[in-house]
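Engineer: need a 3D model of the sequence below.
(chains A and B)
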Amino acid sequence: MNRLTLYNTLTRKKETFEPLHPPFTGLYVCGPTVYGDAHLGHARPAITFDIVYRYLLFSGYKVRYVRNITDVGHLENDADEGEDKVEKKARLEKLEPMELVHKYVESYHRNMEMLNVKTPSIEPFASGHIIEQIEMIKNIIERGFAYISNGSVYFDIDKYKKHYPYGKLSGRNTEDALTQTRELEGQNEKKSPNDFALWKKAAPEHIMRWTSPWSYGFPGWHIECSAMSRKYLGEVFDIHGGGMDLLFPHHECEIAQSVGSCGKEPVRYWMHNNMLTINGQKMGKSLNNFITLDALFTGTHPLLEKPYSPMTIRFYMLQGHYRNPLDFSNSALQDAEKALAKLGNAFAILQEMKWEKPDAIHDESEKRLTGFEQECTDAMNDDFNTPRVIAAMFNVTGIVNDFRNKGFKNGVSEKTFDSFKKNFIAFFTDVLGLKREITDANGDKRINEMIAAFTNAREKAKQEKDYKLADSLRNILLQFGELKDTPTGPVFKLRIN
RNA sequence: GGUCCUGUGGCCGAGGGGCUAGGCAGAGGUCUGCAAAACCUUGUACGGCGGUUCGAAUCCGCCCGGGACCUCCA
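Structural biologist: Now for the predicted structure:
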């Protein structure tokens, strides 16, 4: 049996994955705070953990995948002061907070679907779990790790540190943080600047607020993940994922909250994806280089030379390892676009290919196709190494193309071919979640007729050696898809997206 | 300043003490009305200086460069 290993941020080592209750396993990933359109930065963790989810399923696990939506409590800055992000944006857009949340959740879902990111098993909203959050805060207070101050509740880091280690995930100690922390206004409610809010008393103008034992208010930013992961995955669960930027303070606080409320370490394997840069530069609001996914797909951002399809983005991200930084540039994306087209071409050929009895078995091909599955699973088992899976796939495209071009004269055995075909298709579609964006136009009869009219007209022009007309007809067709002249006649495939 | 990551051929990116990564571009070729596409063949490499070792791109030290978090960001 192949063993999956993954890099655990908690131990800074690759570890063998052993779920608590096999074959069941729980995966929790920090989803977006929905106050704007999803951008490239949201795509990376979504795709990274989509791969984790897909591969766990592929490996036979029964996975419960929880990815939350944060729609309350995430403040404009992390000093536990400032405005709620959702509420501020709602005011700017003149919408009810719930209306704004709905709008951006829809947009997020649409983008994720385009990227072929599978829907999680559960997608809980922070605002839908206020009661669970209040209960958890009560637990923390009962166990003495939080205090009430002016209607707000804060986590008591100093007290917690007397019993449990704080900072073990992010590898930092609070003494350093203390000396580095700036003086921030409104921190007088806290005993120590390291303390963080579990519950905030709402100002009178605050719309999003709920009743609680302490005040009419709202939950702090970190507590929703602790409360919801516990509710759906239990006090201790297998994998928690998110972006590296969430390591501190968000995930560190999650651990403190869970341990503070029940004494148990909540997460067995912490996984973090690395960040993105654009043209070698950090993606930041002040730099105005945040590219929304919609802008990317339509090519409307000034930094973009052209639109890039969702599959190009997905493929590009999978060409790099999730724990390394990834730089976005026009040339890199255009390279990826071409590479994916090539791989997709081999995939399409293979999909339609049937085994034929070869004159002779070609040992080298036989060997490589037989080893293909192992290469792919070895790569995936090694901390979800998608770049190596992709390399393994490119390594066999030559063989596939050879079969197509030269037939099976130097072929492989039926058993080898069938199992290879099955595996290639499985890794392409199920594990990597790729799909071709070019398709046979077999859905709409009228469109097929129109395409046939164009291709037939071009063939006629070619026969009459009216190449000028033939080329202009081809140019028209190329605007809508892919046209290939094959020995058996032209084949047109419509582009979707 | 603190904590951590990283430096691979023209470019992007895996690997990680001796065993071909892969892609894009470049060069040559097949096909073709031409072109494109597709396909085939093919260089160039591990930031610098020391050390460990029979052997280092891979381990260790120092130096130089890039980045992340510590402030809103996925």
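Engineer: grab the nearest non-local neighbour of the closest residue to RNA strand B within the stretch 101-250 of chain A.
Structural biologist: Nearest residue of the stretch 101-250 of chain A to RNA strand B, counting by C-beta to the nearest atom of the strand: residue A:243, 2.4 Å away. Placement of C-beta: from N, CA and C, glycine included. Setting aside the residues directly before and after it, residue A:243 is nearest to residue A:45 in space (C-beta to C-beta, 6 or more residues apart in numbering), at 5.1 Å.
Engineer: who's in contact with that neighbour?
Structural biologist: Contact analysis of residue A:45 by C-beta atoms under 8 Å, 6 or more residues apart in numbering lists A:29, A:30, A:241, A:242, A:243, A:273.
Engineer: now do residue A:484
Structural biologist: Residue A:484 is in contact with A:490, A:491, A:492, counting by C-beta under 8 Å, 6+ apart.
Engineer: list only those of the residues you listed flagged as buried.
Structural biologist: Using 16 or more other C-beta atoms under 10 Å as the burial test, the contacts of residue A:484 include A:490, A:492 as buried.
Engineer: next step: the contacts of residue A:484 restricted to strands.
Structural biologist: If you go by DSSP state E, these have A:490, A:491, A:492 in strands.
Engineer: using TSV, lay out the residues you listed together with distance to RNA strand B and pLDDT.
Structural biologist: Converted to TSV, the ones in strands among the contacts of residue A:484 look like this (distance: C-beta to the nearest atom of the strand, whole Å; pLDDT from 0 to 100):
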residue	distance to RNA strand B	pLDDT
A:490	10	78
A:491	11	75
A:492	12	79
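Engineer: what about the strands in the stretch 101-250 of chain A?
Structural biologist: Applying DSSP state E, counting those that start in this stretch to the stretch 101-250 of chain A gives strands spanning A:146-149, A:152-155, A:197-201, A:217-219, A:237-243.
Engineer: helices or strands next to the first one in the packing?
Structural biologist: Yep, that's strand A:146-149 we're talking about. With contacts defined as 3 or more C-beta pairs under 8 Å, 6 or more residues apart in numbering; DSSP states H and E, strand A:146-149 has these neighbours: helix A:130-142, strand A:152-155.
Engineer: out of the ones you listed, flag the one nearest residue A:234.
Structural biologist: Closest approach to residue A:234 among these (C-beta to C-beta): helix A:130-142, 13.2 Å.
Engineer: what's the angle between the closest one and strand A:197-201?
Structural biologist: Angle, helix A:130-142 to strand A:197-201, by axes from the mean of the first three to the mean of the last three C-alpha atoms, to 10 degrees: 110 degrees.
Engineer: got a list of contacts for helix A:130-142?
Structural biologist: Everything outside helix A:130-142 that qualifies as a contact, by C-beta under 8 Å, 6+ apart, is A:126, A:146-148, A:153, A:155, A:198-199, A:210, A:212-213, A:219, A:223-224, A:226-228, A:230-231, A:257, A:260-262.
Engineer: hmm, back to that, what about the residue of the stretch 101-250 of chain A closest to RNA strand B, how many residues nearby?
Structural biologist: Neighbour count of residue A:243, defined by other C-beta atoms under 10 Å: 20.
Engineer: ok, residue A:312 next?
Structural biologist: For residue A:312, using other C-beta under 10 Å, the count is 23.
Engineer: secondary structure class for it?
Structural biologist: Going by DSSP: H, G, I helix; E, B strand; the rest coil, the secondary structure assigned to residue A:312 is helix.
Engineer: who's in contact with the residue nearest to it when sequence neighbours are not counted?
Structural biologist: Of all residues not flanking residue A:312 in the chain, residue A:337 sits nearest, at 4.6 Å (C-beta to C-beta, 6+ apart). By C-beta under 8 Å, 6+ apart, residue A:337 lies in contact with A:308, A:309, A:312.
Engineer: show me where pLDDT drops low in the stretch 201-350 of chain A?
Structural biologist: Along the stretch 201-350 of chain A, segments meeting pLDDT under 70 span A:284-287.
Engineer: mind jotting down where the helices sit in the stretch 201-350 of chain A?
Structural biologist: Remark: helices assigned in the stretch 201-350 of chain A by DSSP state H, counting those that start in this stretch are A:223-233, A:252-262, A:293-298, A:310-319, A:330-352.
Engineer: so for the second one, what gets flagged as buried?
Structural biologist: Neighbour counts using 16+ other C-beta under 10 Å place A:252, A:253, A:254, A:255, A:256, A:257, A:258, A:259, A:260, A:261, A:262 of helix A:252-262 among the buried residues.
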